[in-house]
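In: based on what follows, work out the 3D shape:
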Amino acid sequence: MARLQDYDIKTQHKAIVKKTDRLTPEGTEEVREIVVEIDRPEFEYKVGQSVGVLVEGQHEFGNNVHHRLYSVADIPSKSKKPQIKLLVKRCSYVDDFSGEIFDGVASHYLCNKKVGDEILLTGPFGLPFDLPEDKNSDLLLIGMGTGIAPFRALVRHLYKNVKDWKGKVRLFYGARSGLELLYMNDKNDDLTSYYDEDTFEAFQALSPRPHWADPIALDYALEQRTEEILQMLDKSNTHVFVAGHDKISDMLDKAFVTILGSKEKWQNRKAELIAGKRWAEVIY
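Out: Numbers count the residues shown, from 1 in each chain. Predicted coordinates:
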């Protein structure tokens, strides 16, 4: 996977914030759905890609610009100028040594933007979530938090554009509480649009005690489907896509060790998936 500093930021596009809505209720982690319009009609993009957001200014490590990638969550109906929808969580980070809390530069920048404000974008850049050509392939999609963004776009593309998908599509998605299950809570339940598809099933995972910051029980949700996941992993055309913050990696390793029965079996199976280009992840 390419490093963030390897991405081209010389080609920049001005964009205007057309809409910004908070998806999560007050008192929970803030996640916003932001629609921006790119001031360049020839701007070409497609589902599964990401764009970069540039925050100019003097930053912590002396750099004059901060660059952060966001997945394109959706492509709104066509307008005269290209528009994209971003899913942005307002992030803060705790210094492990001092305990001091720092605001995430790009996430706070975007969440503070109002309708009509201008931002600078780079890209679009490709993501590793390329659909296999074989429509009989099984897809195991695992996302946490705003990691749902690329999967929402992918599932929509799969059933709206590709069509006639015959392989299983299993989406496991985790959040701290039911209110934070983006696009799967009572207010924004658009993923249920695909529940009638014979090949699609989605499974939610929550934190047992969200107010105590207990970890999200995504591993438990996966382990509850051990038999089916083992069957999928035994097939030569199953692809595994993962998206979310860095904590998801350790959690998945532990879950798959339990599902496979040993650390050695999981390491071997994951190596096979990676070697066969059937494992792809976006970790941030």
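In: what about stretch 258-277, distance to the chain center?
Out: A distance of 23 Å separates the centroid of the chain from that of stretch 258-277, by Cα atoms, centre = their mean, to the nearest Å.
In: repeat that for stretch 145-157.
Out: With Cα atoms, centre = their mean, you get 6 Å for stretch 145-157.
In: which parts of that stretch are buried?
Out: 145-157 (16 or more other Cβ atoms under 10 Å). For the C-beta atoms, the positions are set from N, CA and C on the backbone; glycine is no exception.
In: which stretches of the stretch 151-284 of the chain have low pLDDT?
Out: Low-confidence segments of the stretch 151-284 of the chain (pLDDT under 70): 175-196, 206-216, 284.
In: where do the strands sit along it?
Out: 169-174, 200-205, 238-244, 279-283 (DSSP state E, counting those that start in this stretch).
In: what residues of the shortest one count as buried?
Out: Pointing back at strand 279-283 there. Buried-residue list, strand 279-283, by 16+ other Cβ under 10 Å: 279, 280, 281, 282.
In: helix/strand/coil for the residue nearest to residue 106 when sequence neighbours are not counted?
Out: In this structure, residue 106 finds its nearest non-sequential neighbour in residue 68, 3.5 Å apart by Cβ to Cβ, 6 or more residues apart in numbering. The three-state assignment at residue 68 reads strand, by DSSP: H, G, I helix; E, B strand; the rest coil.
In: tell me how many other residues crowd residue 68.
Out: 21 (other Cβ atoms under 10 Å).
In: roughly how far apart are it and residue 111?
Out: 12 Å (Cβ to Cβ, to the nearest Å).
In: try residue 220
Out: 31 Å.
In: more neighbours: the two, which one.
Out: More crowded of residue 220 and residue 111, by other Cβ under 10 Å: residue 111, with 19 against 14.
In: go ahead and confirm the residue nearest to residue 106 touches residue 55.
Out: Yes - here residue 68 reaches residue 55: they are 7.5 Å apart, a contact under Cβ atoms under 8 Å.
In: which one of the strands of the stretch 151-284 of the chain lies closest to residue 118?
Out: Smallest distance to residue 118 across those (Cβ to Cβ): 26.9 Å, for strand 279-283.
In: ok, the closest one: who's next to it in the sheet?
Out: strand 238-244 (parallel) (DSSP bridges).
In: and the contacts of the strand it pairs with?
Out: Strand 238-244 has contacts (Cβ atoms under 8 Å, 6 or more residues apart in numbering) with 71, 128-129, 132, 137-151, 154, 174, 232, 248-249, 252, 273, 278-284.
In: quick one: that strand to strand 169-174, angle?
Out: 20 degrees (axes from the mean of the first three to the mean of the last three Cα atoms, to 10 degrees).
In: how far out from the middle of the chain is strand 238-244?
Out: 10 Å.
In: in space, what's closest to residue 134 - neighbours in sequence excluded?
Out: Residue 134 sits nearest to residue 237 (Cβ to Cβ, 6+ apart), 5.5 Å away.
In: residues in contact with the one you found?
Out: Contacts of residue 237 (Cβ under 8 Å, 6+ apart): 132, 134, 136, 137, 138, 167, 278.
In: make a ChimeraX selection of whichever of the residues you listed turn out to be buried.
Out: Buried residues within the contacts of residue 237, by 16+ other Cβ under 10 Å, are selected in ChimeraX with:
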select :137,138,167,278
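In: show me which pair in the contacts of residue 237 is furthest apart.
Out: Checking these with Cβ to Cβ, the most distant pair is 136 and 278, at 13.7 Å.
In: so how far is residue 112 from the spatially most central residue of the chain?
Out: Closest residue to the average C-alpha location of the chain: residue 147 at 2.4 Å, with Cα atoms, centre = their mean. Separation of residue 147 from residue 112 (Cβ to Cβ): 23 Å.
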